[in-house]
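Engineer: with the sequence up front, the predicted model follows.
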Amino acid sequence: MLHAPWPPRSKIHPLRTAFLLPLVLLGLLCASPSAQAQTASRTFDTSFQLQQFRPWGDINGMFHTQSGITLGRMNYMAGLYLNYALNPLVLRGALKSDGTRDITGIVNHQVAADLMGGFGILDWLDVYLTIPLSIYQDGSVPNNASLFGSIAGRDLSGFVFGDIKIGLKAQALRQDKHFVNLAFRVALGIPSSLATPDKLGGENSVSVDVDAMLSAQVGIVHIGFNVGYRYMPQSYFLNLELEHELRYGLGLRISALKDKLDIIGEIAGAIAFQSQDFSSEKVPLDAYLGVRIYPLSQPDLALDLGVGVPFPTTGYGSPLFRVFFGVLWSPKVRDTDGDGILDKDDRCPTQPGPRENDGCPDKDRDGDGVVDRLDKCPDKPGPKENNGCPWPDTDGDGLTDNVDKCPSVFGPKENNGCPWGDKDNDGVKDNEDKCPDQPGPKENQGCPWGDKDGDGIKDNEDKCPNQPGPKENQGCPDKDSDGDGIVDRLDKCPDVPGVKERQGCPKVVLVKVTKDKIEILQKIFFRFNRATIQRKSLPVLDQVVSVLKSRPDLRVRIEGHTDNRGKRAYNVSLSGRRAAAVRAYLVKNGIDAGRLESKGFGPDKPLVDNNTKKNRAKNRRVEFNIINKEKAGGIENRDNNP
């Protein structure tokens, strides 16, 4: 039995039978008497084209299935396909009692190439040339004279030069006019002087192909269908009788990335119908899947890569599997500017223009959009409605008299060419005047200044326009931060409660606020070696409390310091406990604990050298440093000076 493709094994693998249809036995090896008698009367030869992968290099089609589109006048294409096929032709024996068959490889490996080129003679007519060849193939006819006669043992290996194909392709329908593309092709297969027809590379005489190619594009999907007839010189090979062949293909190409990547799937096959015995060997059918890559900015160059497998049956020339790679080059004759004139005939290929001007745009010297040949005033811009002549503008306001409501008086476009008035005579034109019936200054958009808070100070002079306040305080309400009954602007100690006689300062001022700290003017005393505050220091702390209450925006770090006598660790601990005791007193007297921090530094930050008793006394201290100076602005303007 002749069948392709199948690996040379003596047993059928169960997984493969799930994908391939059962193999059909040929008459000779099936021991059919009538078939044997018929075969005995024939002379077998190997002068036919085994290769079933026959691309024509249609960049608008698929791998095998072509589109119904021609190249177009003066366009051309060139291409090269390489493919490898495993077991494209094998001989399988009759089924044995143990369920196995003898399998003999006829052609085991085939590395083939297809050179192709095409040229657009007319917009609807192309001429093509393809040269198929097998760079290398491996195999031979089994050495069985009873089956193969004179060709038994013939070596099929080596290089095989195939029949040259010359074809004409004519496009009959175009999708933009007829909803589908349709083309017909007639091709002649001419045996080459280098051909080796005895190695399954081609015929020993002229063959003829006639094909119809249908295609359409729907969005990103390209669909193609081919059907054709092939006449070839009659040849026999076992149960194959080849003379008339029906060829067909159906393909789908999806533009996954526009002009960058296409995904292609198709099926293509043939039916040898000279004989009345339509066995599967005479119906090769392959499925192809792969991609087409466009590596350049324009889709002129295409790289094809794919695989093919028999589907669903296997026939002559249909391998166990096929892998292929193709390169197609088809630069387009383009009409870049879309003016209907091809770039090669267009003097201005990037600018649309009429054919009367060789594809260049008409000149428009005055740039008014009316070409000179239609412009009555070619050197003066004017509207098309006035044949390219300008409308006059008597008042020179930029509005032509045909649309100017006041053509003899200058006025803005927004007022239809009429000047804006000033009804309230405040010097602000009505179009800019928010109060056109009431005079007001330009700074207030023509409206009079108001007094929203009714404090007798106009809003433009009032620092607090929404709160009534005296003129002396620029219209802002007076504040009494320390609550001593004396407003801040009259209080020389606005952060510490005081008496009127001292202009708001206490009889004894113990603290003052600077930019960086609440400075105490008397030291805070503690019991010796303890963190207990002495009573004589409470007035100082009370004034600190008053400052913090009058300035709720302040956050303070209470820092404790000692001299350098004693161990440092003990001094740091003692200073920290004293700072914490001060913090606790402030919290107890109503200051939010979140505003206060405390830390002891021991002897680490002396004010002066610890070389005398007096200096050591200066270094024993508590400080109140402001830690949010950026949010407590204006502190330097509120120093508490009695």
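Structural biologist: Nice, thanks for sending it over. Fair warning: this is a prediction, and the values are worked out from it, not measured in the lab.

Engineer: what ranges do the helices span in the stretch 101-250 of the chain?
Structural biologist: Using DSSP state H, counting those that start in this stretch, the helices of the stretch 101-250 of the chain run over 145-148, 175-178.

Engineer: out of the ones you listed, the one nearest residue 230 is which?
Structural biologist: helix 145-148 (25.0 Å; CB to CB). C-beta: built from backbone N, CA, C; applies to glycine.

Engineer: going by neighbour count, list what's buried in that closest one.
Structural biologist: In terms of neighbour count (16 or more other CB atoms under 10 Å), helix 145-148 has its buried residues at 147-148.

Engineer: output the below-cut-off pLDDT ranges for the stretch 1-150 of the chain.
Structural biologist: 1-42, 92-95, 99 (pLDDT under 70).

Engineer: about what we covered before: the helices of the stretch 101-250 of the chain into a markdown table, with extra columns for distance to residue 539?
Structural biologist: Shown next, in a markdown table, are the helices of the stretch 101-250 of the chain (distance: least, CB to CB, whole Å):
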| stretch | distance to residue 539 |
| --- | --- |
| helix 145-148 | 130 |
| helix 175-178 | 101 |
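
Engineer: out of these, flag the one nearest residue 204.
Structural biologist: That would be helix 145-148 among the helices of the stretch 101-250 of the chain, by CB to CB, at 17.6 Å.

Engineer: how close does residue 175 sit to residue 252?
Structural biologist: Distance of residue 175 to residue 252, given as CB to CB, to the nearest Å: 16 Å.

Engineer: cool, residue 628 as well?
Structural biologist: Using CB to CB, residue 628 is found at 72 Å from residue 252.

Engineer: out of those two, which sits in the busier spot?
Structural biologist: When residue 628 and residue 252 are compared for neighbours, residue 252 comes out ahead with 15 against 12, by other CB atoms under 10 Å.

Engineer: quick one, phi psi at the more buried one?
Structural biologist: Residue 252 has phi and psi values of phi -140, psi 130 when expressed as degrees, to the nearest 10.

Engineer: residue 356: what secondary structure?
Structural biologist: helix (DSSP: H, G, I helix; E, B strand; the rest coil).

Engineer: and what of the one 3 residues further on?
Structural biologist: Following three-state DSSP, residue 359 is assigned to coil.

Engineer: which non-adjacent residue is nearest it?
Structural biologist: What sits nearest to residue 359 in space, not counting adjacent residues and going by CB to CB, 6 or more residues apart in numbering, is residue 346, at 3.4 Å.

Engineer: go ahead and confirm that neighbour touches residue 338.
Structural biologist: No: using CB atoms under 8 Å, residue 346 is not in contact with residue 338, being 10.5 Å away.

Engineer: which helix or strand in this structure has the lowest average pLDDT?
Structural biologist: Across the helices and strands of the chain, mean pLDDT, DSSP states H and E gives its lowest value to helix 14-17, namely a mean of 31.

Engineer: contacts only, for residue 390.
Structural biologist: Going by CB atoms under 8 Å, 6 or more residues apart in numbering, residue 390 touches 368, 377, 380-383, 400.

Engineer: redo the residues you listed as CSV? Include secondary structure.
Structural biologist: Below are the contacts of residue 390 laid out as CSV (three-state DSSP):
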residue, secondary structure
368, coil
377, coil
380, coil
381, coil
382, coil
383, coil
400, coil
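
Engineer: which of the residues you listed are buried?
Structural biologist: By neighbour count, with 16+ other CB under 10 Å, the contacts of residue 390 hold 368, 381-382, 400 as buried.

Engineer: mind putting the residues you listed into TSV with distance to residue 569?
Structural biologist: As requested, these are exported to TSV (distance: CB to CB, whole Å):
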residue	distance to residue 569
368	93
381	92
382	97
400	94
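
Engineer: now, among those, which is nearest to residue 307?
Structural biologist: Distances from residue 307 to the buried ones among the contacts of residue 390, taken by CB to CB, are shortest for residue 368, at 62.5 Å.

Engineer: thought the closest one was touching residue 385?
Structural biologist: No: contact between residue 368 and residue 385 fails when scored by CB under 8 Å: they sit 11.2 Å apart.

Engineer: ok so, going back, so which of the helices of the stretch 101-250 of the chain gets nearest residue 90?
Structural biologist: Of all the helices of the stretch 101-250 of the chain, helix 145-148 comes closest under CB to CB, at 14.1 Å.

Engineer: what ranges do the strands span in the stretch 101-250 of the chain?
Structural biologist: Secondary structure of the stretch 101-250 of the chain (DSSP state E, counting those that start in this stretch): strands at 103-122, 125-139, 158-161, 164-173, 181-190, 207-218, 221-237, 240-257.

Engineer: can I get those strands in TSV including distance to residue 513?
Structural biologist: Listed next are those as TSV, based on distance: least, CB to CB, whole Å:
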stretch	distance to residue 513
strand 103-122	94
strand 125-139	97
strand 158-161	105
strand 164-173	96
strand 181-190	91
strand 207-218	83
strand 221-237	81
strand 240-257	71
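
Engineer: closest to residue 65 out of the ones you listed?
Structural biologist: strand 240-257 (3.5 Å).

Engineer: buried stuff in that closest one?
Structural biologist: By 16+ other CB under 10 Å, the buried positions in strand 240-257 come out as 240-243, 245, 247-251, 253, 255.

Engineer: try stretch 405-419
Structural biologist: Neighbour counts over stretch 405-419 (16+ other CB under 10 Å) mark 406-407, 410-411, 415, 417-418 as buried.

Engineer: measure it end to end?
Structural biologist: This stretch, stretch 405-419, spans 10 Å end to end (CA to CA, to the nearest Å).

Engineer: swap in stretch 412-422?
Structural biologist: This stretch, stretch 412-422, spans 15 Å end to end (CA to CA).

Engineer: so what touches it?
Structural biologist: 395, 397-399, 403-407, 409-411, 428-433.

Engineer: and for stretch 530-541?
Structural biologist: Outside stretch 530-541, the residues within contact range by CB under 8 Å, 6+ apart are 508, 510-511, 520-527, 574, 577-578, 580-582, 585-586, 589.

Engineer: same check, this time on stretch 134-145
Structural biologist: 46, 51, 82, 89, 91, 104-113, 148, 151-160, 162, 199-201.

Engineer: if you set the cut-off to 7 Å instead, what comes out?
Structural biologist: With contact meaning CB atoms under 7 Å, 6 or more residues apart in numbering, stretch 134-145 is reached by 46, 91, 104-113, 148, 151-160, 201.

Engineer: buried ones from those, can you make that a ChimeraX selection?
Structural biologist: To isolate the buried subset of the contacts of stretch 134-145 in ChimeraX, counting by 16+ other CB under 10 Å, use the following:
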select :46,91,104,105,106,107,108,109,110,112,148,151,154,156,160,201
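
Engineer: can you tell me the closest non-neighbouring residue to residue 448?
Structural biologist: residue 440 (4.2 Å).
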